[in-house]
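Visitor: Need a 3D model of the sequence below.
(chains A and B)
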Number of protein chains: 2
Amino acid sequence: MGSRNVTQYLSGGDLSSFFEPESIAIIGSFREGFFGGYVVVKSLLNAGYSGQIYPINPAYKEVLGLKVYPSMREVHKKVDLAIIMINAQAVPAVIEDCGDKGIGAVIVVSDGFAERNRRGARLQEEIVTIARQKGVRILGPNTAGIVNTSNGLNPCPYDAGYYKLRQGSIAICAQTGMINPQAFPYPRMHLGISKICDFGNKCDVNECDMMEYLAADASTNVISMYLESIADGQRFLEISNTVTKEKPVLVLKSGKTPEGARASASHTGSMAVDDRTFEAVCRQAGLLRLEQFDEVFEIPKLFAMQPLPAGNRLGMVSITGAIGVLTADEAARYGLVLANLTPKTAVMLNGIFPGLGNFPVDIGPMSVVVRDLPDQYPQILSAVTSDENVDAVLNVVWADPGRYMKAMYLEAYEQLKARHPKPTATWLYGPDTSMIAELAERLENLGFPVFSNLKTSIKALGLACKYANIRKGRLS
Amino acid sequence: MGSRNVTQYLSGGDLSSFFEPESIAIIGSFREGFFGGYVVVKSLLNAGYSGQIYPINPAYKEVLGLKVYPSMREVHKKVDLAIIMINAQAVPAVIEDCGDKGIGAVIVVSDGFAERNRRGARLQEEIVTIARQKGVRILGPNTAGIVNTSNGLNPCPYDAGYYKLRQGSIAICAQTGMINPQAFPYPRMHLGISKICDFGNKCDVNECDMMEYLAADASTNVISMYLESIADGQRFLEISNTVTKEKPVLVLKSGKTPEGARASASHTGSMAVDDRTFEAVCRQAGLLRLEQFDEVFEIPKLFAMQPLPAGNRLGMVSITGAIGVLTADEAARYGLVLANLTPKTAVMLNGIFPGLGNFPVDIGPMSVVVRDLPDQYPQILSAVTSDENVDAVLNVVWADPGRYMKAMYLEAYEQLKARHPKPTATWLYGPDTSMIAELAERLENLGFPVFSNLKTSIKALGLACKYANIRKGRLS
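Guide: Residues are numbered from 1 along each chain as shown, chains lettered A, B, ... in the order given. Now for the predicted structure:
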């Protein structure tokens, strides 16, 4: 890989010009459409970016009320970040201009580089060489770019139909634009985001730089990554090892199979790493490994919203016993053991309803005969959560169409929030999608993450427990 | 297990009285609420059940415009099916009444039997003994009952807020009511259902009876089951072996771990089967094994809507290359190989756009520069689908907020439908949930299943391929 030494030479610098620029130059087309410079400007304006925006293109005079400059030289102010989305052939000259202008950070959205063919690969080496000479850092090429929710920096090049993401403490990075705002309904996912970063072909800025930056970023508490390749194994190990002492890092790694590795080479032109080697790196560095793409978005919610568990004993409250059996299987898979409630709690629960003190604490049977379940439910959930034999709680909730239980659940979670003793994951099910969405939003606004399926709820708790052990091991 | 011999004695009979009754007696409370006899009557009326309904309870005169009979003896008409939802202690006497009345099928919704305690287990043995003496078949106890979409038979005891399920060819059976209409938004899931059956504690009617019934049921083309235990291993193997020659049978089995097995015993009072034994049974009987609860609902869609593949070579069209790498990994996991397009197709695609003839056929790069993608896309999808090196197709679709591509996708699928050559699975993603839902509905109305995530899309194709091989092996 020709770019590897270059990467090492450039790396280690600060990425603040990418994420906290006071001014941005956008070099592209400003024709209306679903992709391009026009959309970047629109995205930034609608997201409330408060810095200066300098669109650059000799063929336009104005876009969305902003003056368009014929060239970089005509911009007589300081520029921190350039976003380039022009034909690949024209990119080297523009990066040279950026260097001359003193711009330290460039996002190359354009594709047609190492992911396309050998000619593109040479072009990619060329821009890296220029960037090194001029002291410019490059994100990409072939990237959908970045997001910083704390300053309205959402220069999404694809029209997502919305612009403001929910602010929060989760950073998501990937070697694909499939994490950027055009790909998922972020506002509906109750996902509090600090930063998003698509590395694209990662000819320069890579997962190591990003982890270093995020480790020091006060607004980020959990890092979730999807990687196809590792730019520099040794540095990755060292940085991971440091970052995971402070913040959990979740990693989905593709290219596990030879087929996947081949596909990776044609996607971003990068080499995959052997999966067993990667597994060993994860273990050594305290990284938490993911298995499915959805998990990149779902699992970090638990880390962002809930405390770490003190142990691996899982308590469970459910309106259906059937789910208890599946839970027992999944819990075992993710290193959790089913909690035996203390005799005191079990006796108390059995006093409320016969058999309630078992695993799971199944409120199903009592829900159909006991009229005062709504009064007793908060006490039941609280008793399980505060039991000294319980370290983490799974709560399975039926969003019933009669809305009989909505107030009951909200009351119970309000009480939990006041005490907030242990990590709780919730799986909501029911016949009405809008009711599930509404109850999920209410619970997540209270600080309790809701997961889209049973397995993910349990895995999130299992990984939280694993991370708590990793931290304990490091500290002792 | 005391009930095992009894089960064998009773089994093998016809279940048509359960699913095609011309008259139903409902024994329970008719007080308004979210659960109970009142809801059963409401569910039946709203689902358009056209048979006779006889509510029975001495404390009521009328419910929802129907006469309530003080006792079974007062019903002077023939009754095919009784649904019982009264206190467990009172159930044996009512089953005796049912037998005396000549009712051959009884659904015992009531809980408090073998799943509760030893006393409940004895009560369960008692009702089985009575049923055997009187020639009555029992579904349950502790069941949420059944659905038959072809005759409006939806006696759901929990208020689901809706009553008509989409008619189709998928039968879903489980040892839990978590498959019944109160648990999932069936109308939104584009899931065409033929029958639903919750076995509950399965003191009598079990998965073997149901498979036999469904094998002969002309409205069912695919069977999806969730089981905690197997009532009779030898019979299960024999029946599965026969049924899978005609119809695919998908099975999720819980209680894999000792923890799961213990939880199963307390849920429905049944014994779990060793997982390795079950795995061997599945292999021998041609059953397709599932891993997650969601899959019970999602995977059968492919079998219900699409033809079986002739081989295991996966073609892929995508608007994002990144997903190709994850796909390659998952495809390898589920026994699919990445198709090499024929030179003719590859040359044609590369002529449309450089590099388009690779795996995956990535329309991402051309989508941002080529204005006539909408005209070319149907041709691209068609070329991949009809390529002789391709047996099954995964299509990854971006539901873009500009609606730029909606017409293009619909046109392409209309053309596919006209030719309909090979099984196609679609994963839709995008920033707007309502747009995803709308496009999913349009595609599924055309007969193309849409899956909620990448992994499930690929697994569905993998299992279809596996089943095609099983059928071929059996026939040769």
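
Visitor: Just the buried positions in stretch A:336-345, please.
Guide: Across stretch A:336-345, burial judged by 16 or more other CB atoms under 10 Å in any protein chain shown covers A:Leu336, A:Leu338, A:Ala339, A:Asn340, A:Leu341, A:Thr345. Using the backbone N, CA and C atoms, a C-beta is placed for each residue, glycine as well.

Visitor: So which of those are in strands?
Guide: Applying DSSP state E to the buried residues of stretch A:336-345, the entries found in strands are A:Leu338.

Visitor: Kindly reformat the buried residues of stretch A:336-345 as TSV containing distance to chain B.
Guide: Shown next, in TSV, are the buried residues of stretch A:336-345 (distance: CB to the nearest CB, whole Å):
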residue	distance to chain B
A:Leu336	9
A:Leu338	6
A:Ala339	11
A:Asn340	11
A:Leu341	14
A:Thr345	17
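
Visitor: Report the rounded mean pLDDT for stretch A:281-299.
Guide: Stretch A:281-299 carries an average pLDDT of 95.

Visitor: what do you get for stretch A:100-113?
Guide: On average, the pLDDT along stretch A:100-113 is 96.

Visitor: Could you check how many residues crowd around A:Val347?
Guide: Residues lying near A:Val347 (other CB atoms under 10 Å in any protein chain shown) number 11.

Visitor: SS state for it?
Guide: helix (DSSP: H, G, I helix; E, B strand; the rest coil).

Visitor: so who does the closest residue in space to it that isn't next to it in sequence touch?
Guide: Closest residue to A:Val347 apart from its sequence neighbours, by CB to CB, 6 or more residues apart in numbering or on different chains: A:Gly357 at 6.9 Å. Taking CB atoms under 8 Å, 6 or more residues apart in numbering or on different chains as the criterion, A:Gly357 is in contact with A:Leu341, A:Thr345, A:Ala346, A:Val347, A:Met348, A:Leu349, A:Asn350.

Visitor: Distance-wise, check A:Gly357 relative to B:Val41.
Guide: Counting by CB to CB, to the nearest Å, the gap from A:Gly357 to B:Val41 is 35 Å.

Visitor: Show me the helices in the stretch 201-350 of chain A, by range?
Guide: According to DSSP state H, counting those that start in this stretch, the stretch 201-350 of chain A carries its helices in the segments A:207-215, A:233-243, A:258-268, A:275-285, A:295-305, A:322-333, A:343-352.

Visitor: And the stretch 51-200 of chain A, by the same measure?
Guide: Using DSSP H, counting those that start in this stretch, helices in the stretch 51-200 of chain A cover A:91-101, A:118-134.

Visitor: Nearest to B:Pro187, out of the helices of the stretch 201-350 of chain A?
Guide: helix A:322-333 (22.5 Å; CB to CB).

Visitor: which parts of the closest one are buried?
Guide: Of all the residues in helix A:322-333, those buried under the rule 16+ other CB under 10 Å are A:Ala322, A:Ile323, A:Gly324, A:Val325, A:Leu326, A:Thr327, A:Ala328, A:Asp329, A:Glu330, A:Ala331, A:Ala332.

Visitor: any idea which of the contacts of A:Gly357 is closest to chain B?
Guide: A:Asn350 (10.8 Å; CB to the nearest CB).

Visitor: how many neighbours does that closest one have?
Guide: A:Asn350: 14 neighbours (other CB under 10 Å).

Visitor: That one touches A:Leu356, doesn't it?
Guide: Yes: taking contacts as CB atoms under 8 Å, A:Asn350 lies within contact range of A:Leu356: 5.7 Å.

Visitor: mind checking pLDDT for the residue nearest the centre of chain A?
Guide: What sits nearest the mean C-alpha location of chain A, by CA atoms, centre = their mean, is A:Ile172, with 3.2 Å. Per-residue confidence (pLDDT) for A:Ile172: 98.

Visitor: List the contacts of it.
Guide: The contact partners of A:Ile172, by CB under 8 Å, 6+ apart, come to A:Ile179, A:Ile193, A:Lys195, A:Ile196, A:Cys197, A:Ser224, A:Met225, A:Val296, A:Phe297, A:Pro300.

Visitor: Next, the residue nearest to A:Gly161 when sequence neighbours are not counted: secondary structure please.
Guide: Spatial nearest neighbour of A:Gly161, chain neighbours left out: B:Pro401 (3.1 Å); criterion: CB to CB, 6+ apart. Classification of B:Pro401 by three-state DSSP places it in coil.

Visitor: Put the alpha carbons of stretch A:201-212 into CSV.
Guide: The C-alpha coordinates for stretch A:201-212 follow below in CSV (Å, rounded to 0.1, in the frame of the first residue of the first chain):
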residue,chain,number,x,y,z
ASN,A,201,-10.9,5.5,1.2
LYS,A,202,-8.9,6.9,4.2
CYS,A,203,-5.9,7.9,2.3
ASP,A,204,-4.9,10.0,5.3
VAL,A,205,-7.3,10.6,8.3
ASN,A,206,-8.1,7.1,9.7
GLU,A,207,-9.7,5.3,12.6
CYS,A,208,-6.6,5.9,14.8
ASP,A,209,-6.6,9.7,14.3
MET,A,210,-10.3,9.7,15.0
MET,A,211,-10.0,7.6,18.2
GLU,A,212,-7.3,10.0,19.4
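
Visitor: starting at the chain centroid, how far to that stretch?
Guide: 16 Å (CA atoms, centre = their mean, to the nearest Å).

Visitor: buried ones in that stretch?
Guide: For stretch A:201-212, the neighbour count (16+ other CB under 10 Å) marks A:Asn201, A:Lys202, A:Cys203, A:Asp204, A:Val205, A:Asn206, A:Glu207, A:Cys208, A:Asp209, A:Met210, A:Met211, A:Glu212 as buried.
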